[in-house]
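K.L.:
Here is a sequence together with a model predicted from it:
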Amino acid sequence: MNTTLIIGAGGVGRVVAHKCALNADVFGNIVLASRTISKCDEISSELPHANIKTASVDADSVSELVDLINKYNADIVINVALPYQDLTIMDACIATSTPYLDTANYEHPDVAKFEYKLQWARDEKFKNSEIMGLLGSGFDPGVTNVFCAYAQKHYFDTIETIDILDCNDGDHGYPFATNFNPEINLREVSAKGRYWQDGKWIETEPMEIKMVWDYPEVGEKDSYLLYHEEMESLVKHIKGLKRIRFFMTFGKSYLTHMKCLENIGMLGIKEVEHKGQKIVPMEFLKTLLPDPASLGKRTKGKTNIGIVAAGYKDGVKKKIYIYQVSDHEKCFAEVNSQAVSYTTGVPAMIGAKLMLQKKWSGKGVFNMEEFDPDVFMDELNKQGLPWKVKELEV
Ligand code: NDP
């Protein structure tokens, strides 16, 4: 029987634990480990029949991780802690020859920049340890990469442009809160925008490019161009691509709050001195903001995340839209988490399931679009994230 080690007991970790427990025939024994063991115990108490073991670990320490993996003889590690821990967890997996999966690419705590470079650089070591590492198995990155691979496989000879469209129309009733880890979220949306066109990256000011998109089951929303990590791997793997962009919806109130926080220095990630103590403004802000895990029961509305791909099939120009709509309240009713955690945790579970079943296999470090999308797309339909395809006018 397999043993599955989940690291990180936040909003996403909760969903992964629930969904792995529902697929116990594949995941076998589940161990949930995080910095704060009480958070693991709380999740485990929601799943009494799953008999989940819990543990405390500092995932910044490779040696603690190695001991934990060895203690339970894990068959896979699902990393849903924070992007800061990606490299230490990958190194512990290399040291113990244990397959690895995550949902977000590595970030250094002191530099608001995310890229695959350091994770891709571990490819050789993963090969030498004869293990697979699956990077970015959340929704975006994750499902959006799989949507692109699916479009490529079934709808196009050549894809020329891709727009990734991420809409969260959830309302939690607070004046300001973030739907996942505030630090990671605010670092992402306050950074400069970037998109890829004709072989090079073009940088924009934060929120400089806006368009209005009509999201099925949600309606028209202001959508802003951001840099997002899946573009880095998609430009490598989707051949013939001429342009890729990423858009996310933000309401006016969210943007006004964020601008104000930025203007007064609350989004800073460098230490400042306060009454003789060193504090990082962004970390302090995180302490003040509602815990994303607590938003679940308050959030109403839907998410709609998808891709629009345009290109050629048999010499004919075409454009398709693949998207997935989730309802915050339905997600909460099922797993005690809102849709942002749900839409991340379910694909993490699916990626791990396909790895354990060897339906997705390999040695080295991989991105989602490198595998056959069909099995993943089937699982999305079965595991609570049904998707749709629409032909759009060119
Ligand atoms: P949370 O902040 O809710 O949870 C993170 C968890 O990781 C917490 O339980 C925290 O423990 C634990 N953790 C943090 N540092 C350590 C450490 N050093 N050692 C052990 N445990 C640690 O985040 P989310 O659940 O919202 O997000 C989880 C991951 O999912 C993040 O990497 C995020 O970027 C990613 N994500 C990906 C998305 C996608 O679509 N691809 C979308 C949304 C999120 P404690 O509480 O004790 O500090």
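P.N.:
Arrived safely. Numbers count the residues shown, from 1 in each chain.

K.L.:
what's near enough to touch the residue lying closest to T4 once chain neighbours are set aside?
P.N.:
In space, and not counting its chain neighbours, T4 is closest to F27: 4.3 Å by CB to CB, 6 or more residues apart in numbering. All C-beta atoms are positioned from the backbone trio N, CA, C, and that covers glycine. Contact analysis of F27 by CB atoms under 8 Å, 6 or more residues apart in numbering lists 2, 4, 20-21, 352-353, 356.

K.L.:
Show me those residues that map onto strands.
P.N.:
T4 (DSSP state E).

K.L.:
Now the two most distant members of the contacts of F27.
P.N.:
A21 and L356 (14.5 Å; CB to CB).

K.L.:
For the closest residue to the ligand within the stretch 201-350 of the chain, give me its contacts.
P.N.:
Of all residues in the stretch 201-350 of the chain, T344 sits closest to the ligand, at 4.0 Å by CB to the nearest ligand atom. T344 makes contact with 12, 15, 80, 103, 138-139, 142, 180, according to CB under 8 Å, 6+ apart.

K.L.:
Check G306 too.
P.N.:
Per CB under 8 Å, 6+ apart, neighbours of G306: 144, 147, 164-165, 321-324, 387.

K.L.:
Spatially, which residue comes closest to it, not counting chain neighbours?
P.N.:
Excluding the flanking residues, the one nearest G306 by CB to CB, 6+ apart is Y323, at 2.7 Å.

K.L.:
Could you tell me how many residues sit around that neighbour?
P.N.:
Residues within reach of Y323, counting by other CB atoms under 10 Å, total 22.

K.L.:
Can you classify it by secondary structure?
P.N.:
Under DSSP: H, G, I helix; E, B strand; the rest coil, Y323 falls in the strand class.

K.L.:
Could you find the residue nearest the spatial middle of the protein?
P.N.:
G138 (3.6 Å; CA atoms, centre = their mean).

K.L.:
Tell me if I'm right that that residue and M349 touch.
P.N.:
No - G138 is beyond contact range of M349, at 10.7 Å (criterion: CB atoms under 8 Å).

K.L.:
pLDDT wise, what is the residue of the stretch 101-250 of the chain found nearest the ligand at?
P.N.:
Proximity of the stretch 101-250 of the chain to the ligand (CB to the nearest ligand atom) peaks at G138, 2.3 Å away. pLDDT, G138: 98.

K.L.:
Who are the contact partners of the closest residue to D110 other than its chain neighbours?
P.N.:
Nearest residue to D110, sequence neighbours excluded (CB to CB, 6+ apart): I269, at 6.5 Å. With contacts defined as CB under 8 Å, 6+ apart, the neighbours of I269 are 109-112, 187, 280-282.

K.L.:
and the residues you listed, which of them are in helices?
P.N.:
187, 281-282 (DSSP state H).

K.L.:
Spatially nearest residue to the residue of the stretch 201-350 of the chain closest to the ligand, not counting backbone neighbours?
P.N.:
Nearest to T344 is G138, by CB to CB, 6+ apart, at 4.0 Å.

K.L.:
cool, and K363?
P.N.:
Leaving out its chain neighbours, the residue that sits closest to K363 by CB to CB, 6+ apart is K127, at 4.9 Å.

K.L.:
Touching, the one you found and F366? I think so.
P.N.:
No - with contact defined as CB under 8 Å, K127 does not count as touching F366 (11.1 Å).

K.L.:
Of the two, which one has the most company?
P.N.:
Using other CB under 10 Å as the criterion, K127 and F366 rank with F366 on top: 23 against 15.

K.L.:
Assumed the more buried one was part of a helix.
P.N.:
No - F366: not assigned to a helix; according to three-state DSSP it is strand.

K.L.:
Disregarding residues adjacent in the polypeptide, which is nearest to it?
P.N.:
Nearest one to F366, counting by CB to CB, 6+ apart, is L134 at 5.8 Å.

K.L.:
So that neighbour lies in a strand, does it not?
P.N.:
Yes - assessed by three-state DSSP, L134 belongs to a strand.

K.L.:
And the pLDDT for it?
P.N.:
In this model, L134 carries a pLDDT of 98.

K.L.:
From M355, how far off is it?
P.N.:
L134 sits 6 Å away from M355, going by CB to CB, to the nearest Å.

K.L.:
Which neighbours do the two have in common?
P.N.:
In contact with both L134 and M355: 99, 101, using CB under 8 Å, 6+ apart.

K.L.:
got a list of contacts for the one helix or strand in the chain whose mean pLDDT sits lowest?
P.N.:
Across the helices and strands of the chain, the lowest-confidence element by mean pLDDT, DSSP states H and E is helix 182-189, at a mean of 82. Contacts with helix 182-189, where a contact means CB under 8 Å, 6+ apart, come from 82-83, 104, 107, 112, 114, 178-179, 206, 226, 228, 248, 250, 258, 261, 267, 269, 282-283, 285-286, 289, 292.

K.L.:
For stretch 293-309, buried residues please.
P.N.:
Residues of stretch 293-309 classed as buried: 293, 295-296, 298-299, 301-309 (neighbour count, 16 or more other CB atoms under 10 Å).

K.L.:
So which of those residues are in strands?
P.N.:
Assigned to strands by DSSP E, the following of the buried residues of stretch 293-309 qualify: 302-309.

K.L.:
Select only the buried ones of the contacts of I269 in ChimeraX?
P.N.:
Buried residues among the contacts of I269 (16+ other CB under 10 Å), as a ChimeraX selection:
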select :112,187,280,281,282
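
K.L.:
Identify the residue spatially nearest to whatever residue of the chain ends up closest to the ligand, adjacent ones excluded.
P.N.:
Residue nearest to the ligand within the chain: G10 (1.8 Å; CB to the nearest ligand atom). Spatial nearest neighbour of G10, chain neighbours left out: A293 (6.2 Å); criterion: CB to CB, 6+ apart.

K.L.:
what pLDDT does that neighbour get?
P.N.:
pLDDT, A293: 77.

K.L.:
what's the answer for the one 3 residues further on, then?
P.N.:
Here, the pLDDT recorded for G296 equals 87.

K.L.:
That one contacts A333, doesn't it?
P.N.:
No - G296 sits out of contact with A333 when judged by CB under 8 Å, with a separation of 9.9 Å.
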